[in-house]
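Q: coords please:
(2 chains)
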There are 2 protein chains.
Amino acid sequence: MTVTELADAVVEGDRRALARAITLMESTRGDHRRQAEALLDQLLPHAGNSVRLGVTGTPGVGKSTFINRFGSLLLNLGHTLAVLAVDPSSQSTGGSILGDKTRMADLAGDDRVYVRPSPSGGVTGGIAVATRDAITVCEAAGFDTIVVETVGVGQSETAVASITDVFLLLVAPGGGDDLQGIKRGVMELADVVAVNKSDGDLIDLAQRTAADYRSALHLVRPKHPDAPTPVVTCSSLTEDGLPELWATVEDLHHRLASSGRLTDLRSRQARAQLEAEISLLLTRWAADHPEFARAKAEVLDDVAKQRLSVSSAARRLLATIVKF
Amino acid sequence: MTVTELADAVVEGDRRALARAITLMESTRGDHRRQAEALLDQLLPHAGNSVRLGVTGTPGVGKSTFINRFGSLLLNLGHTLAVLAVDPSSQSTGGSILGDKTRMADLAGDDRVYVRPSPSGGVTGGIAVATRDAITVCEAAGFDTIVVETVGVGQSETAVASITDVFLLLVAPGGGDDLQGIKRGVMELADVVAVNKSDGDLIDLAQRTAADYRSALHLVRPKHPDAPTPVVTCSSLTEDGLPELWATVEDLHHRLASSGRLTDLRSRQARAQLEAEISLLLTRWAADHPEFARAKAEVLDDVAKQRLSVSSAARRLLATIVKF
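A: The predicted model follows:
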């Protein structure tokens, strides 16, 4: 199958072609990279028309169940949905539970939905790139809602926020009583915060937790200048609050789109991704030079112990491969 | 004066030599860079023995006055103090008010203090590098406390946190009632939060604000695993709370040092600075190639409008200068 044939099949809605295309995006082989780029360039004109929703949550918040019920709601509302998991630790847990179709019983087998487990490979940067490209493929295939989810390992939340339009943080009732609390920086990355498990005995606690998050967010500059970050409660069990949560997401997205800020956001994201990719490719190119790698191994300990200045060390390393 | 003579003079406490050395660190001229690196390598063995305190604050919180009074307190306690300002916008405001000696009347003219306005030049990365090197010079000159302060433009808080041991966030009473609130991500960067202006009519409000910040910080993972981020109140006017604030900073620093975590922190910072500098130098080297710059100008608009994939664009750009 040529790249053009694959592109056409994706756009026609062929599910097997979609899967093949995303697998191609994830491959690091040189020849695959060139095919992937050619494929992307053919699919890009068909892409862009979706709500890109990033989702993360504290451990134990019930993310899989949430996405399952939330996804069903979206299907009932007439949407088509792709769910992409970003989980750099999936290899160690024997396959990502995020993509586990048994937890997503409602969604499995429904062809208005495409669920994709996390790509293998351990580098967050690499995963953000592969996922960004998978979003393009899914949009070209006609999905109007793309959910990108992460358990939150390393810098994955920042990576997911950088490739989505709206970023949803799911938390459990009780807030900071958790062993851990949410990771630093993540609360302020969110466009929406939802306190899950707001059912039965936990309803009052969930509402107090929502109030705590509203107070906390009140102290910081809002992500969007015209309104504070919305904090809602919901339950994957009873489905209370789920329609309102989706309405909040849609409303945010609509305001972004109609004000031109969505275009600006995606444009900024694309330019930042370009800078990051140039930087990443240059760094890898440098690291592939044996003299550079050797010099780096020699200086690293001295730099770490502040016996050699960073400036001297950096220049010494660069001198092994480029002329200044 | 040779580099060695300059280094010796700095270590002997010669104030003019100190100023010359820092000016050399800030210069971007090629020959100056090499002298700066040679100087740093001679000064590094004399460096490392200070409390490196980063300070930022919301606009109008009274940072200059605070640093003035806090600095005086430190001198009275027998410390020697260097105050370095990081303010990328100093050029547009006609000279940084942070370094304005008239606001720091108590400190000006006291030779146990060295106050240095922000370096000129607009790049946060460049300023973080120059300031990091200025810290080395000041430590070699014998200052036991280095305060690095920023108004908080661009990514300057992150830059300052990356070159200091303890990061202090100053806020005004009333928290989110400010027009703006604190920048996203900054609250969670802080090792200590101090609510300033806790005097007269504002004492009750300041204490409520401190309670608000404690609640907010309770929701997120603490920066240091053994304790929540301390939130205190203080007044630059009455000096209430200033000794306690310094005791809090010293205690944090002491615990870091005695547990080995200070060594780990500075080691991690140095390694991260090395990676960042390699990346920066490589990116500048690439940008200096006319074909690269031209190709980038050509693709940037298409990438921003998502008509060309980031992957294709990045590879096309890199192909102008390296072989893959």
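Q: gap between A:Ser118 and B:Ser50?
A: A:Ser118 is 44 Å from B:Ser50, where distance means CB to CB, to the nearest Å. Yep, even glycine has a C-beta here, placed from its N, CA and C like the rest.
Q: higher neighbour count, those two?
A: Remark: of A:Ser118 and B:Ser50, A:Ser118 carries more neighbours, 25 against 20, as counted by other CB atoms under 10 Å in any protein chain shown.
Q: average pLDDT for stretch A:188-196, rounded please.
A: In this model, stretch A:188-196 carries a mean pLDDT of 94.
Q: between the two ends of it, how far is it?
A: For stretch A:188-196, the first-to-last residue distance is 18 Å (CA to CA, to the nearest Å).
Q: can you check stretch A:2-20 too?
A: End-to-end span of stretch A:2-20 (CA to CA): 12 Å.
Q: buried set for that stretch?
A: A:3, A:6-7, A:9-11, A:17-18, A:20 (16 or more other CB atoms under 10 Å in any protein chain shown).
Q: just stretch A:68-80 next, same as before
A: A:68-75, A:79-80.
Q: out of those residues, list just those in strands.
A: Residues of the buried residues of stretch A:68-80 located in strands (DSSP state E): none.
Q: quick one: which of these sit in helices?
A: Counting by DSSP state H, the part of those found in helices is A:68-75.
Q: of the residues you listed, closest to chain B?
A: Nearest to chain B out of those is A:Phe70 (CB to the nearest CB; 22.9 Å).
Q: report pLDDT for the closest residue in space to the closest one that isn't next to it in sequence.
A: Distance criterion CB to CB, 6 or more residues apart in numbering or on different chains; nearest residue to A:Phe70, sequence neighbours excluded, is A:Leu242 at 5.8 Å. Note for A:Leu242: predicted pLDDT of 97.
Q: again with A:Ile135
A: A:Ile135 is assigned a predicted lDDT (pLDDT) of 96.
Q: that one reaches A:Leu84, doesn't it?
A: Yes - with contact defined as CB atoms under 8 Å, A:Ile135 and A:Leu84 form a contacting pair (7.0 Å).
Q: okay, these two: which has more neighbours?
A: A:Leu84 (29 against 23).
Q: give the burial count for A:His46, as a bare number.
A: Applying other CB under 10 Å, we find 16 residues neighbouring A:His46.
Q: which residues touch it?
A: By CB atoms under 8 Å, 6 or more residues apart in numbering or on different chains, the contact list for A:His46 reads A:11, A:139-140.
Q: equivalent analysis for A:Arg33, please.
A: Per CB under 8 Å, 6+ apart, neighbours of A:Arg33: A:27, B:311, B:315.
Q: the first one and chain B, how far apart?
A: If I follow you right, that is A:Ser27. 12 Å (CB to the nearest CB, to the nearest Å).
Q: so who does the closest residue to A:Arg16 other than its chain neighbours touch?
A: Nearest residue to A:Arg16, sequence neighbours excluded (CB to CB, 6+ apart): A:Ala9, at 7.9 Å. Counting by CB under 8 Å, 6+ apart, A:Ala9 makes contact with A:1, A:16-17.
Q: returning to what we had before: closest one to A:Thr150 out of the buried residues of stretch A:2-20, please.
A: The nearest member of these to A:Thr150, counting by CB to CB, is A:Leu18 at 21.3 Å.
Q: so where is chain A shaky, pLDDT-wise?
A: Under the criterion pLDDT under 70, the flagged ranges of chain A are A:88-106, A:108, A:120-125, A:175-180, A:323-324.
Q: render the CA-only coordinates of stretch A:282-297 in PDB, please.
A: Taking Å, rounded to 0.1, in the frame of the first residue of the first chain, the C-alpha atoms of stretch A:282-297 are listed here in PDB:
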ATOM      1  CA  LEU A 282      20.200  18.500  17.400                       C
ATOM      2  CA  THR A 283      20.800  17.000  20.900                       C
ATOM      3  CA  ARG A 284      20.500  13.500  19.600                       C
ATOM      4  CA  TRP A 285      22.700  14.300  16.600                       C
ATOM      5  CA  ALA A 286      25.400  15.600  19.000                       C
ATOM      6  CA  ALA A 287      25.000  12.600  21.400                       C
ATOM      7  CA  ASP A 288      25.600  10.200  18.400                       C
ATOM      8  CA  HIS A 289      29.100  11.500  18.000                       C
ATOM      9  CA  PRO A 290      31.600   9.300  19.900                       C
ATOM     10  CA  GLU A 291      33.900  12.200  20.800                       C
ATOM     11  CA  PHE A 292      31.000  14.200  22.200                       C
ATOM     12  CA  ALA A 293      29.700  11.300  24.200                       C
ATOM     13  CA  ARG A 294      33.100  10.500  25.600                       C
ATOM     14  CA  ALA A 295      33.800  14.200  26.500                       C
ATOM     15  CA  LYS A 296      30.400  14.400  28.200                       C
ATOM     16  CA  ALA A 297      31.100  11.300  30.300                       C
END
